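Colleague: Next comes the sequence, and after it the predicted model I'd like to discuss.
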Amino acid sequence: MAYISSEVQGKLSKGTYVKWAIVLAVAVMLSLIPVNDVFTSQIRLFFIITITTILIVAFELVDIIVPSILMLFAYSLTGLAPTEVAFQGFTSPTTFVTVGVLALIAALEESGLLTRVSYWCMARLGGSYRGMIWGMFLVGVVTSAITMGNSAVLVGAFALGIVVAMKLEGTRMAAALGLVVCLGSCSVRCIIYSPTLIIVQVAQSQSVLGADYALTPAGVFLHNWPLFIPIIFMVWLVSKMYKPERTLDGKDYFIQKSRELGIVTAKEKKTIVVLTLIVAWMLLGSKMPIPGDFALILLPWLLYFPGMHIADANTLKKINFSLVFFVPACFGIGSVASALGIGDLIAQQMMPMLEGFSSYGVLMIFYIITMVLNLIMTPYALHASLTIPFLQVGMPFGIDPLAINYMLMHGADAIFMPYEYTLYLVIFAFGMFKMSDFIKVMTIKVVVYLIFMAVVLLPYWNLLGLW
């Protein structure tokens, strides 16, 4: 998600005024809803504060740190919840996982390791047009694994560098490379454990299921690896849809770039050691006295020690800490909602509408609801709004909370236009493909995913006991 709209840095546009008008209109409409024994004045006030905040975040009207802080204080000052309930997210390890991941990504950029890995992949596969397509996909997957799902912008910049160097601007080949970046770096975040992707869902889920609830790297991969099949199909389809205008041989270019990097530096070796320690700790977390998430809370800071010569105070200045405040804000939504019994209220209203549906049907409905709402809400706003109600509705059907969280995650990735998901929007902003290209390919992807989930993924989850 973009953390600050460019429009707040200068003169407000007409569109921004319209967005603010929508926010105020929704707040007024909510305030006019009559109260009763079920929908009390406290619950109405909660919805006014929460939905107004979510809309401000969804429309990217100000940096998310502003509504995040104001919302929590509004809960406390209006008496909806004690301060320790509204602000308890700041004491949750989940929040500090976010800090650790952001610090790790910034240090990885400084080390140069990601650039070396990218050129290594391309030098081995990029000897032809189709080889370059599959090489770019491999770069996206490998760097996503290294950065825990946070390499999309880096890979997009890498792809743009290739387009410029090989004079591919405006070609079908450039469009194909850019679209493959979307598939290999953005879509795979639903398969490769990405703390920044799931952090809001986890925070919301913990308010219902307890502080020990978590999504693990092994679990996320085990339950979702079949999605590599439709992603690989989409990469193949892109390579077929976008025929090259000319013969392309980039092998010498990538080999030369790899040679220019020289031997593996001491920085990179130290980074590899720390990454290995993090992965090992997370994988063995259940067998250790300290949970695996603490690997992300503690170990990234080794890269900032003076003797490491990898990252320093200037590296930290590059981190946008707005997300660090948004996570406890989302935790606060869940905590206050639980204290007011709102999750139970929404579940009571939805349950009659789902009578007669199986667990399978409920999960598919969750996916479609999330996909549709994604047209007007950002993924984080969706996770903040839907996690608790979906849990309250889904669990009585015998659905594992993991499956519910996964459906939210996949539904938020079912997009048609780049504005729906900021990482895709950033890749689009590099200018490698047109809007029509994006809509065409992503619409096909939504249809392919919908069929694959219905026919393969949900039956696979059933075999694993998730519903």
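Modeller: Received it, and whenever you're ready, just let me know what you need. Numbering: from 1, shown residues only.

Colleague: For the rest of this, base every contact and every neighbour count on C-alpha atoms.
Modeller: Noted.

Colleague: now this structure, which segments are flagged as low pLDDT?
Modeller: 1-12, 126, 248-250, 285-286, 288, 343-344, 346-347, 351, 376-378 (pLDDT under 70).

Colleague: Where does the spatially most central residue of it sit: helix, strand or coil?
Modeller: Residue closest to the average C-alpha location in the chain (C-alpha atoms, centre = their mean): residue 197, at 3.1 Å. Three-state assignment for residue 197 (DSSP: H, G, I helix; E, B strand; the rest coil): helix.

Colleague: That one reaches residue 191, doesn't it?
Modeller: No. Residue 197 lies out of contact with residue 191 (C-alpha atoms under 8 Å); the separation is 10.9 Å.

Colleague: roughly how far apart are the residue nearest to the centre of the chain and residue 22?
Modeller: Going from residue 197 to residue 22 by C-alpha to C-alpha, to the nearest Å gives 27 Å.

Colleague: Could you report the distance from residue 39 to residue 381?
Modeller: 23 Å.

Colleague: meant to ask about residue 25
Modeller: 19 Å.

Colleague: List the buried residues in the helix or strand encompassing residue 461.
Modeller: Residue 461 belongs to helix 458-463 when assigned by DSSP states H and E. By neighbour count on 16 or more other C-alpha atoms under 10 Å, the buried set for helix 458-463 is 458, 461.

Colleague: Number of residues surrounding residue 210?
Modeller: Neighbours of residue 210 under the rule other C-alpha atoms under 10 Å: 11.

Colleague: helix/strand/coil for the residue lying closest to residue 467 once chain neighbours are set aside?
Modeller: Among residues not flanking residue 467 along the chain, residue 399 sits closest, at 4.4 Å (C-alpha to C-alpha, 6 or more residues apart in numbering). Secondary structure for residue 399, judged by three-state DSSP, is coil.

Colleague: what's the burial count for residue 399?
Modeller: Residue 399 has 20 nearby residues by other C-alpha under 10 Å.

Colleague: Mind giving me the packing neighbours of the helix or strand hosting residue 387?
Modeller: Assigned by DSSP H and E, residue 387 belongs to helix 379-394. Helix 379-394 sits against helix 41-58, helix 195-209, helix 322-340, helix 342-350, helix 359-373, helix 401-413, with contacts defined as 3 or more C-alpha pairs under 8 Å, 6 or more residues apart in numbering; DSSP states H and E.

Colleague: of all the ones you listed, which lies closest to residue 298?
Modeller: Nearest to residue 298 among the helices and strands packed on helix 379-394 is helix 195-209 (14.6 Å), distances taken as C-alpha to C-alpha.

Colleague: got the angle for the helix or strand just after that closest one vs helix 401-413?
Modeller: Sequence-wise, the next helix or strand downstream of helix 195-209 (DSSP H and E) is helix 217-224. Helix 217-224 and helix 401-413 are oriented at 70 degrees to each other (axes from the mean of the first three to the mean of the last three C-alpha atoms, to 10 degrees).

Colleague: Quick one: distance of helix 217-224 to the chain centre.
Modeller: 16 Å (C-alpha atoms, centre = their mean, to the nearest Å).

Colleague: and what of stretch 431-450?
Modeller: 18 Å.

Colleague: Now it: buried residues?
Modeller: 432, 433, 438, 441, 442, 445, 446, 449, 450.

Colleague: mind listing which of these are in strands?
Modeller: Nothing among the buried residues of stretch 431-450 maps onto strands, per DSSP state E.

Colleague: In CSV: those residues, plus distance to residue 207.
Modeller: Below are the buried residues of stretch 431-450 laid out as CSV (distance: C-alpha to C-alpha, whole Å):
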residue, distance to residue 207
432, 42
433, 42
438, 37
441, 38
442, 34
445, 33
446, 31
449, 30
450, 30
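
Colleague: Of the residues you listed, which belong to helices?
Modeller: When DSSP state H is applied, those are split such that 438, 441, 442, 445, 446, 449, 450 fall in helices.

Colleague: hang on, the third one packs against residue 418?
Modeller: In other words, residue 442. No. Applying C-alpha under 8 Å, one finds residue 442 not in contact with residue 418, separated by 9.2 Å.

Colleague: rewinding a little: neighbour count for residue 25 and residue 381, which is higher?
Modeller: residue 381 (23 against 13).

Colleague: so who does that one touch?
Modeller: 54, 57, 58 (C-alpha atoms under 8 Å, 6 or more residues apart in numbering).

Colleague: Residue 228 now?
Modeller: Here residue 228 is in contact with 188, 191 (C-alpha under 8 Å, 6+ apart).

Colleague: likewise residue 56?
Modeller: Taking C-alpha under 8 Å, 6+ apart, one finds 20, 23, 62, 67 in contact with residue 56.

Colleague: Just put the residues you listed in a markdown table and tack on neighbour count.
Modeller: Supplementary listing: the contacts of residue 56 in a markdown table, determined by neighbours: other C-alpha atoms under 10 Å:
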| residue | neighbour count |
| --- | --- |
| 20 | 15 |
| 23 | 18 |
| 62 | 18 |
| 67 | 24 |
